Each structure stands twice: as C-alpha cells, then as structure tokens.
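Student: Here is a sequence together with a model predicted from it:
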Amino acid sequence: MKNKPFSISKMGFFFVAVLLLWIKSYLIYVYEFDLDIQNGIQEFLLFFNPLSSALLFLGLALFAKGKRAGIWIIVIDFLMSFMLYANVVYYRSAADYITLPTLTQTSNFGSLGGSISSLVAWHDLLYAVDIIILIALFIWSKKNWSISRMQKKKPLLVLAAGVMAFSINLGLAEADRPQLLTRTFDRNYIVKYLGSYNFAIYDAFQTLRSSTQRVLADSSDITEVENYTKNKFAEPNPELFGAAKGKNIIKIHLESFQSFLIDYKLHGEEVTPFLNSLVHDESKNFTSFDNFFHQVAQGKTADAELLLDTSLYPLPQGAAFVTKGNNTYQALPAILKQQQGYTNAVFHGDNKSFWNRDEVYKEFGIDKFFDSSYYDMSEENVIGYGLKDKPFFEESMPMLESLEEPFYAHMMTLTHHHPYLISPEEASIKPAETGDPSVDRYFQTARYLDESLKQFFNDLKEAGLYEDSVIMIYGDHYGISENHDPAMEKIMGEEITDFKYKQMQRVPFMIKIPGVDGKGTVHEYSSQIDVMPTLLHLVGIHGQDYIQFGTDMFSKGHKEYVSFRDGDFITPEYSFVSGKYYDNDTGEEIEPSKEMKEMEKKIRHELGLSDKVLYGDLLRFYTPNEEWEPVKPSEFSYGKESTQEEE
C-alpha cells in the first residue's frame, strides 16, 4: 500500500504535537499573563520553557504500543492544554495561577466571579486549534504506522532531551534569579522562568511538603515565633487602652472595595456619598486610615477574615480556611468571649459551607453564624453571590438586636463583587464608559453598597445600638485586578505601573469609638494584620500574650510597614514591588540601601514564621496565659435548622 499524500510518521506526529503545544503555550504566556519581562534572558526563557515540559510529558506516550502512542499523545496534549486554559480563565479573574490547594476549594469556584462565562473570550477557540490539527493528522496517518512498540531507545532519547532542556532552563533562570525555588513567594516568578507546567510540579511538591509539617512539628517550634512576636509587640496607647471596654463591636465588611472610590466622582456625582461623609465627619466620630492596605492572597475574603481575627498572614497557596480549617486558633472572637464575656456572631447571606466557614468559625469560637438559612433568599433578593446588601442589612437588624450584649458582630456584604451585577432599577448612578463591563459596573454596585450602609446606620440609630457601639468598617480585598489596567488607566487618568498598582491596594479602614473623639484622617501606614491587636487594646485586653504579627494602629510603637503575601512591601518612604525598589513620592525606581535590603529579609522571615504557625498547627502547643481555655469546636453548630433542633 502506498503512503497517503502528506502522511506523517509516528515520530513526526510527536514532533508536530511538541511544536504546536510549545507555540500555543508561549503565545498564552505573552498575551494572557502579565509576567513583567525585564531583560533578554527572561524573554528567551519565556519562549524556551514550554519545550522541556512538552518533550517530557508527551514523550511518555511514545512508550505505548502501536497506534495507541498517537492516542496518548492527543490525550496528554489535551490535559496539558486544559490545565493551561484553566489557568487563563482563573488568571483573568484573580491575576493568579491555580494551585493544588485552590482545587480543594471547588465549592468556592464562584470566586471566579459568579459567572465563568464572563471570563471566556471568543478568541479562546483558537487555543483548541492544535488539538483539532492533531486529531485530523492522526486519523489521516495512523494506518501507515507500525502496530509494534517503538524501540525504547527513541523515547528514552526524547526524555533525555527534555531533561537536558529543563536543566538549561533552570540554570539560566538561577543565573538571572538566584535561589529561584527557595526564596520566591511570588508565583509569577516560577511561571515566568519555568513555565506553567513546571509550576504545577513545583506547587505539588510545595503542597506535599507543607502537609508533612504538622506531623513533624513539636512544641519547640513555637518558641522562635513567640520571641519574634513579643519583640515586635507595640505597647498600647494609654489614652485609648480600655476605652471601648464592654462596648458592642460591629465590624462591617465592604466587599471588593478599594480606597480610590472614596471621594471619586463619576459623571459629576460622588460614587459613595455616605462613606465620604464618614471620612470627612465634622462631628468627629470616625477615625479614617487612608494608608491602610489589604494583604489577601488566593483566599481573598477568607484570607481577610483570617488576617483580621488572628493577626496571621494568609498562606502562599490556597486558603487557610480550607486547607487548615481544623487547626488550633486563638482568634479574636474566642479571646473576647473568654476575657470579657462577649457574644460572637457573623452575618452573611450565603451558604454556611462557603470557604468552609461552618468549620473554621467553630475553631475561632464564634457563637452564632447567621447564614443564608436565616434570610429570605427569594429570587428578587438574590444576585450573584447571594443576598443583596439592602435586604441583608434590613433582615439582619432583628437578629443583631437579639444578641446578648456585649457582642462582636461581623456583617459581611456581598453585592459589590465581580462581575458587579445590578439591575437597572437598583442602579442609581450610570456606569463608567471604559468599555470594560466589570470596571464600568464596579461603580454602580459601589453606590448600591453605599446606600445600603446608610440605611443600616439609620436602623442602628433607631434601635439604640449606634451611639454606644464600636463601629468598624473595612475593605476586604481589591475589586479590580491588574487584568483590567487598560480600563483603569482611563478611570485614573494615568498609567498603571507595577508600582501604581501596588499603591492601589489601599482599602478603607475607619472606626468609631464611643466617647472618644475621632482623629479625622490618619496617614500612618497600616494593614489588615494590625486590626486584631488594635481591637484588643481598645477593649482593654493586653495583646502581648498572644501570637500576633500585627501591631496596634493607635500605638506610638506601631510598626509602619505593610507586608504582602508575595514578599512585596510598602513603607512610608519607599516600596518594594516585583524585585524593585521605588521612591513613594516620585514613583521612580531607586537603588536599595543596606537598610532596605535588611527590611526585605525581615519581611520574608516574618512571612515564613507565620507559615510555620499555620502549616505546623503550632498554636496547639501554645498557651497564652493561665486563663486561656482551648476552644472546643464540638460545642458549636450553625444553621437555622440545627438551632431549631437544639431548642
């Protein structure tokens, strides 16, 4: 039988598959990921790094017998392509890459924005062209292939070539970025230098290593952490220590709310007039921190909760709420209850299991969790993630009033979340006009949140809960990722550089303390990890006994630097972003001093210590003081149904 025209051998088919996967991967790296290529070596490695993965993974198929080798090449190519495309979709929402811990959060893939369809583009069909070509080529050529197994020499040579390519890749990467695999907190570096496929292997190794740390940990491991946090501790401001003792605390979570919204005008209108009035409060009730930053990682809202209630940093991969949900915690709710008899409650118009909250809250010592089962979740009240903010606050009031005082109540809003859906009837401001739907609607849902907050304040006053309660308002994380920089440049009227994007990670933090005049706008630098020590001191609980990485924001000894999970940090004078130092006043890159380099080491050390606490579950070995009693999760149950059963 004569060979068909354009027929190709088994090895030829393999090399076509390698070439197509290589080209596709490179194009996706360039056009879908923002990898901050800074020099020729990085540009070369970005192009080169898919080759080793393609040779190694597709090369395994060559060991299959006869035509099955072609089938396995297509299957492996499809799986690698699917993994790569999943990262594309995830990156469009989160500006991050999927890790193994995030895959355990399958119930939370609404975090992709409530609608995956909003993250899919028509040109994505092009990413399947290589698969179609391979299938057609296989069908056309397979009849001419031998049915016997290929001699092992050829596939072994292919694998050896893959190993050699990876060795060259890693060597060049280490030359440009020393200790790449040992001191990198930022996943962008791994993908940039080694590619997304090798990142998946690196992530699997890191996950395996972290899972063994708890088993190997012992009581001596907490000593270094304890010494560090006690040394960092800032003594309370004597004028404010205990100023809020016995007062209710109402903590209001502003979903996806960034500080640039404050005082921003769209179409000549203030987007958030009510919040603006609190910031510029002439009656001096509120203190507002305008250099307050979020510090979340892949856990987003769950990470913010961890930061605020434990003063621990989020994990580098996944969410501690999911992967370390059954750890021992010494969280703010349990401390307030044990030290001063507080009732603790969370209000959230979503399912109780989202982010594993119904398990983690037990470890935190939270008494009541008013989840979606307590609310009217009829169609007209729900959009996107769950209950709309206006009915949420309205329906929460009777439950809030039912709490035994003093209480610590956490109110979690939902409507202002990607993709920022709102009905025309409820939108009281026109969208922006950037051409990016998410950015354009962002201001409409921010206005809706602002209106719901005003309503809630009026209800608190009518119920007699406003005057004598601490009211704290904070933003949980960014709302607009760097994938939307072109649209945001139209909004901000300037280029969004790496430095500028990091500066935009400011979120609101404002607080009203009964009987204490507000300080207006405070310019000191602070972040979410500082909230727990601040609240402890306000109610008169000395925080030095507890493992906390933040410091009291009102203390003269407050540490004015902001650490991010990727190792970047910001001080009042300079910022460290993506391996570069910048002057905060000019935004220009600067040469680092010895002190700046020391600060970089300090930040990495601090993040590493926090990771040890979570990965090793070290708080099980630590007793803060004689009065402390470990939280017993079995004492708590959540959901309206379980509450009724108990009654």
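Tutor: Received the coordinates, thanks. This is a predicted model, so every value here is computed, not measured.
Student: Can I get stretch 379-396 as CSV, trimmed to CA atoms?
Tutor: C-alpha atoms of stretch 379-396 as CSV (Å, rounded to 0.1, in the frame of the first residue of the first chain):
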residue,chain,number,x,y,z
GLU,A,379,-35.2,35.3,43.6
GLU,A,380,-35.8,39.1,43.9
ASN,A,381,-33.5,39.3,46.9
VAL,A,382,-30.5,37.4,45.4
ILE,A,383,-28.0,38.4,42.8
GLY,A,384,-24.5,37.0,42.0
TYR,A,385,-23.1,35.6,45.2
GLY,A,386,-26.1,35.7,47.4
LEU,A,387,-28.4,38.1,49.3
LYS,A,388,-28.4,41.7,48.1
ASP,A,389,-26.9,44.2,50.6
LYS,A,390,-30.1,46.2,51.3
PRO,A,391,-32.3,43.2,52.3
PHE,A,392,-29.3,41.7,54.1
PHE,A,393,-28.9,44.7,56.4
GLU,A,394,-32.6,45.1,56.9
GLU,A,395,-33.2,41.4,57.8
SER,A,396,-30.1,41.3,60.0
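Student: Which positions within that stretch qualify as buried?
Tutor: 381-396 (16 or more other C-beta atoms under 10 Å). Glycine gets a C-beta too; all of them are placed from N, C-alpha and C.
Student: Give me the three-state assignment for T534.
Tutor: Counting by DSSP: H, G, I helix; E, B strand; the rest coil, the backbone at T534 sits in helix.
Student: now do E524
Tutor: Once three-state DSSP is applied, E524 turns out strand.
Student: Which members of the buried residues of stretch 379-396 occur in helices, if any?
Tutor: Of the buried residues of stretch 379-396, the ones assigned to helices by DSSP state H are D389, K390, P391, F392, F393, E394, E395, S396.
Student: In the record's domain split, what are the boundaries for this structure?
Tutor: Domain assignment for the chain by automatic domain parsing gives 10-214, 221-624.
Student: what ranges do the helices span in the stretch 401-550 of the chain?
Tutor: Counting by DSSP state H, counting those that start in this stretch, the segments of the stretch 401-550 of the chain that form helices are 437-462, 485-492, 498-503, 531-538.
Student: Could you look over the ones you listed and pick the most buried one?
Tutor: Per-stretch averages of neighbours, counted by mean count of other C-beta atoms under 10 Å, single out helix 531-538 among those, with a mean of 26.
Student: The host helix or strand of N198 - what's its average pLDDT?
Tutor: Following DSSP states H and E, one finds N198 within helix 196-216. Mean per-residue pLDDT for helix 196-216: 83.
Student: Can I get it in PDB, CA atoms only?
Tutor: Only the C-alpha atoms of helix 196-216 are listed here, as PDB (Å, rounded to 0.1, in the frame of the first residue of the first chain):
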ATOM      1  CA  SER A 196       3.100  26.900  34.000                       C
ATOM      2  CA  TYR A 197       3.600  23.100  33.600                       C
ATOM      3  CA  ASN A 198       6.700  23.100  35.700                       C
ATOM      4  CA  PHE A 199       5.000  25.400  38.100                       C
ATOM      5  CA  ALA A 200       2.300  22.700  38.600                       C
ATOM      6  CA  ILE A 201       5.100  20.200  39.600                       C
ATOM      7  CA  TYR A 202       6.700  22.800  41.900                       C
ATOM      8  CA  ASP A 203       3.300  23.500  43.500                       C
ATOM      9  CA  ALA A 204       2.600  19.800  44.000                       C
ATOM     10  CA  PHE A 205       6.000  19.500  45.800                       C
ATOM     11  CA  GLN A 206       5.300  22.500  48.000                       C
ATOM     12  CA  THR A 207       1.800  21.200  48.900                       C
ATOM     13  CA  LEU A 208       3.300  17.800  49.800                       C
ATOM     14  CA  ARG A 209       6.000  19.400  51.900                       C
ATOM     15  CA  SER A 210       3.500  21.600  53.800                       C
ATOM     16  CA  SER A 211       1.200  18.700  54.500                       C
ATOM     17  CA  THR A 212       4.100  16.900  56.400                       C
ATOM     18  CA  GLN A 213       5.000  19.900  58.500                       C
ATOM     19  CA  ARG A 214       2.200  19.300  61.000                       C
ATOM     20  CA  VAL A 215       3.300  15.800  61.600                       C
ATOM     21  CA  LEU A 216       6.900  16.800  62.200                       C
END
